[in-house]
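Pasting the sequence and the predicted coordinates here, then a few questions.
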Amino acid sequence: MFDTALGTVLSVMVQLIFLVFGQILGQMVQHPLMTTGLCLLGAFAYHADQESLKEIYQRVLDLIRTPLQFGNSRNLIPAYGYDMQHGPHTWLPKSRSSASSVEETTFFQSPVNIDETQIQRMAIRELLSWNHYDDLPASITLENTGQTLILRAQFHGNAPTISGADLLASYTFLELRFHWGWCNSEGSEHTINHRKFPLEVQVMHKTGSGIPRACTSSYDLLMIGYVFELSAHNPFLDPLVQNLRLVQMPGKRVQISPFPISYLMYQFRSGFYSYGGSLTHPPLLPRHRMVHLSRIPSH
């Protein structure tokens, strides 16, 4: 009787151990319920000492692990943040490990400091051309990703495009990303003469085809950056500011009343900085043209 009770206790302990192992394994394969069930099967096989069940358990686990891992698109982009564990100092090594070739990791990493004493003036034959940025979108979505605030817009007709100057293609609007800090003396990712600004807005565009171009001097992505300074009340920012309370929590996404995105973008035609860089967040993709306006005039 004592042996039977001891065996029952040991069996329960073994199953509890496998349950804990199942939760850990569930984090690895992104499917906790399935892996916990498999670990219970493994615990039963261990207690029963049945080799056939052990083999079935291992084979099933091997079959599901790969599709579950690679079927989850979130695993393709490294987790990132702005703390000590996931901060910017960790982004480049992670992105290099996920790059498809060594060539893709040899790029000019954004953001940069724009030193006005070191810039080279460039003669351009045509000015920047902006199209449809004043159009009213069909819808606008705000999303708090936990790392930044993103504004996306859908349009009834043609989406906004920009071309001209040193751009070798026409680029179509994708989204706006907002970067700010804990105080008014920092927040922007780019700096000008090592000076930080309280807010930076980056407007992402892509080429019309979305296919990498053969010309090495062209870029698949275009990011137009604006740095902001504190000033008096700006009514053009009201449609955005009045809705920020709706996306205070990470992961929150809401639709707001449409307004022309030109409210948030000054359509300059010259007098800007331009360089070849990358995205400023993982996976830090290269082949990226960054255009920065030097000064933002009042509306």
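Sure thing, it's come through.

For residue 138, give me its contacts.
With contact set as C-beta atoms under 8 Å, 6 or more residues apart in numbering, residue 138 has these partners: 153-156, 258. For every residue, glycine as well, the C-beta is placed using N, CA and C.

er, residue 188 I mean
The contact partners of residue 188, taken as C-beta under 8 Å, 6+ apart, are 179, 181, 196-200, 227-228.

cool, and residue 151?
By C-beta under 8 Å, 6+ apart, the residues touching residue 151 are 140-143, 175-176, 178, 240, 261, 264.

on that earlier part again, mind putting the contacts of residue 188 in a markdown table, secondary structure and pLDDT included?
A markdown table is the format used below for these (DSSP: H, G, I helix; E, B strand; the rest coil; pLDDT from 0 to 100):
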| residue | secondary structure | pLDDT |
| --- | --- | --- |
| 179 | strand | 86 |
| 181 | coil | 82 |
| 196 | coil | 86 |
| 197 | coil | 87 |
| 198 | coil | 87 |
| 199 | strand | 85 |
| 200 | strand | 88 |
| 227 | strand | 86 |
| 228 | strand | 84 |
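
From the residues you listed, list just the buried residues.
Neighbour-count burial (16 or more other C-beta atoms under 10 Å) is assigned, among the contacts of residue 188, to 179, 181, 196-200, 227-228.

for this structure, which spans come out with low pLDDT?
Residue ranges of the chain with pLDDT under 70: 1-109, 208-219, 280-299.

domain ranges for it?
Per the record, the chain has its domains at 2-75, 88-293, by automatic domain parsing.

Give me the buried positions along stretch 133-147.
Within stretch 133-147, the residues that count as buried by 16+ other C-beta under 10 Å are 133, 135, 137, 140-144, 147.

Go through those and flag which are in helices.
Residues from those lying in helices, with DSSP state H as the criterion: none.

Of all pairs in those, which one is the farthest apart?
135 and 147 (29.2 Å; C-beta to C-beta).

Looking at the contacts of residue 188, which is nearest residue 274?
residue 227 (15.0 Å).

My read is that that closest one contacts residue 195, right?
No: counting by C-beta atoms under 8 Å, residue 227 sits too far from residue 195 to count as a contact (9.0 Å).

coming back round to it: could you redo the contacts of residue 188 as CSV and give each row distance to residue 274?
Listed next are these as CSV, based on distance: C-beta to C-beta, whole Å:
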residue, distance to residue 274
179, 19
181, 25
196, 21
197, 19
198, 24
199, 21
200, 16
227, 15
228, 20
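
No further questions, thank you.
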